[in-house]
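Engineer: The amino acid sequence is not available; the structure is as follows:
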């Protein structure tokens, strides 16, 4: 049986669910951004745009 103290903070399932949902969304957004940058890098290679290639690869390193 779980004991609950009167003055201790209680963690509700809603809080836990919200935290998990936020982590999931943040991870999905980060992966989306990585994939977008990878596609942009591929395009810069096809275009021969070295300056943009270097910028994008630096950005990808920062978020990876």
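Structural biologist: Cool, got the structure. If you're wondering where the values come from, they're calculated on a predicted model, not measured in any experiment. Numbering: from 1, shown residues only.
Engineer: mean confidence for the helix or strand containing residue 33?
Structural biologist: Following DSSP states H and E, one finds residue 33 within helix 13-47. For helix 13-47, mean pLDDT is 95.
Engineer: tell me which residues in that helix are buried?
Structural biologist: For helix 13-47, a neighbour-count test (16 or more other Cβ atoms under 10 Å) marks 37, 40-41, 44 as buried. All C-beta spots, glycine's among them, are computed from the backbone N, C-alpha and C.
Engineer: Quick one: those as TSV, columns for distance to residue 19 too.
Structural biologist: Below are the buried residues of helix 13-47 laid out as TSV (distance: Cβ to Cβ, whole Å):
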residue	distance to residue 19
37	27
40	32
41	33
44	37
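Engineer: Go ahead and name everything in contact with the helix or strand hosting residue 55.
Structural biologist: Applying DSSP H and E as the criterion places residue 55 in helix 50-63. Contact with helix 50-63 is made by 30, 33-34, 37-38, 40-41, 44-45, as judged by Cβ atoms under 8 Å, 6 or more residues apart in numbering.
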